[in-house]
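**Student:** Quick one: sequence and predicted model below, then my questions.
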Amino acid sequence: MPVITERKADLPEKIASIYPPKATVPVDTLMGNRLFRTSCGRCHGLPEPKQFSVEKWETILPLMFPRSRFNNEEALHVRAYVLANAVK
């Protein structure tokens, strides 16, 4: 099995405005759960939200959302679901 010893491509940059402005879209954690379960596990093993702290998720999600092709509203719901179930 090949082993990657060095990264040839840079990591994607964090996007500061990935979420809609606050109070413009009501969060829906049920929709976030559905999106998380159906979309995020397509490319890699699906972690449980409680595997990471809120702070760790806040660094992971902005890197993953551009790859997931979620629109801003979908990203808002997924973020709400994950953070509501993360280790506090």
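**Tutor:** Received, thanks.
**Student:** Every contact and neighbour count from this point should use C-alpha atoms.
**Tutor:** OK.
**Student:** In this structure L46 contacts C40, no?
**Tutor:** Yes - if you go by CA atoms under 8 Å, L46 and C40 touch, sitting 6.4 Å apart.
**Student:** mind listing what's buried in stretch 81-88?
**Tutor:** Buried positions in stretch 81-88, judged by neighbour count with 16 or more other CA atoms under 10 Å: Y81, V82, L83, N85, A86.
**Student:** Tell me, how many residues neighbour C43?
**Tutor:** By the criterion of other CA atoms under 10 Å, C43 has 9 neighbours.
**Student:** 199 is where my numbering starts, stick with that
**Tutor:** Sure thing, new numbering starts at 199, so read that last one as C241.
**Student:** For stretch 235-255, buried residues please.
**Tutor:** Under the neighbour-count criterion of 16+ other CA under 10 Å, stretch 235-255 has C238, P247, F250, V252, W255 buried.
**Student:** Just give me how far it sits from the chain centre.
**Tutor:** 7 Å (CA atoms, centre = their mean, to the nearest Å).
**Student:** what's next to it, contact-wise?
**Tutor:** Residues from elsewhere that reach stretch 235-255 (CA atoms under 8 Å, 6 or more residues apart in numbering): S266, V280, L281, N283, A284, V285, K286.
**Student:** what separates the fifth one from C238, distance-wise?
**Tutor:** Put plainly, it is A284. As for A284, its distance to C238 is 16 Å (criterion: CA to CA, to the nearest Å).
**Student:** what ranges do the strands span in the protein?
**Tutor:** Using DSSP state E, the chain contains no strands.
**Student:** before we move on, the earlier item: switch the buried residues of stretch 279-286 over to TSV; also include distance to P224 and pLDDT.
**Tutor:** As requested, the buried residues of stretch 279-286 are exported to TSV (distance: CA to CA, whole Å; pLDDT from 0 to 100):
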residue	distance to P224	pLDDT
Y279	13	95
V280	16	95
L281	15	95
N283	18	95
A284	20	96
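**Student:** Give me the subset of those that lies in helices.
**Tutor:** Cross-referencing those against helices under DSSP state H gives Y279, V280, L281, N283.
**Student:** Closest to M262 out of the residues you listed?
**Tutor:** Ranked by distance to M262 (CA to CA), those are led by V280 at 12.8 Å.
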